[in-house]
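Novice: Sequence first, predicted coordinates after that:
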Amino acid sequence: MPSREPLSDDEIDAALDDLPGWTHDDDKLKTSYEFSDFREAISFIVRLSFYAEEMMHHPELENVYNTVDVALTTHDAGGKVTEMDVELASKIEEFVWV
């Protein structure tokens, strides 16, 4: 199981090298996805929910029509970025456009 210890800025920067489109801001890993329509955006959220629940790690999501904003932080680590966030971001990248 990934660590819930906060990552250093250098560790986060290294992780972002493998996560194109993701940023580190306000102690969160963030990205935004634009889909063809609302239905596709909601489908993404539903698929994401299965991975998040399996990991027992839940993202902050915002949906407006065809756009989904995702923010990842570990509340158990004082709202800091941990390996859990990096792992979930990687999982999202694996399935987002499948």
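Specialist: Yes, it's here.
Novice: longest helix in the protein, by residue count?
Specialist: Ranked by residue count, the top helix of the chain under DSSP state H comes out as helix 38-55.
Novice: Show me what that helix is packed against.
Specialist: strand 60-64, strand 67-72, helix 83-95 (3 or more C-beta pairs under 8 Å, 6 or more residues apart in numbering; DSSP states H and E). The C-beta positions use only the backbone N, C-alpha and C, and glycine is treated the same way.
Novice: could the ones you listed go into a markdown table alongside mean pLDDT, mean neighbour count and distance to Ala52?
Specialist: Converted to a markdown table, the helices and strands packed on helix 38-55 look like this (pLDDT from 0 to 100; neighbours: other C-beta atoms under 10 Å; distance: least, C-beta to C-beta, whole Å):
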| stretch | mean pLDDT | mean neighbour count | distance to Ala52 |
| --- | --- | --- | --- |
| strand 60-64 | 98 | 12 | 9 |
| strand 67-72 | 98 | 18 | 10 |
| helix 83-95 | 96 | 19 | 7 |
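Novice: and of these, who's closest to Phe50?
Specialist: helix 83-95 (9.6 Å; C-beta to C-beta).
Novice: who does the closest one touch, helix- and strand-wise?
Specialist: Looks like helix 83-95 contacts helix 9-16, strand 28-34, helix 38-55, strand 67-72 (3+ C-beta pairs under 8 Å, 6+ apart).
Novice: packing partners for the shortest one?
Specialist: Using 3+ C-beta pairs under 8 Å, 6+ apart as the contact criterion, the neighbours of strand 67-72 among helices and strands are strand 28-34, helix 38-55, strand 60-64, helix 83-95.
Novice: Okay then, goodbye and thanks.
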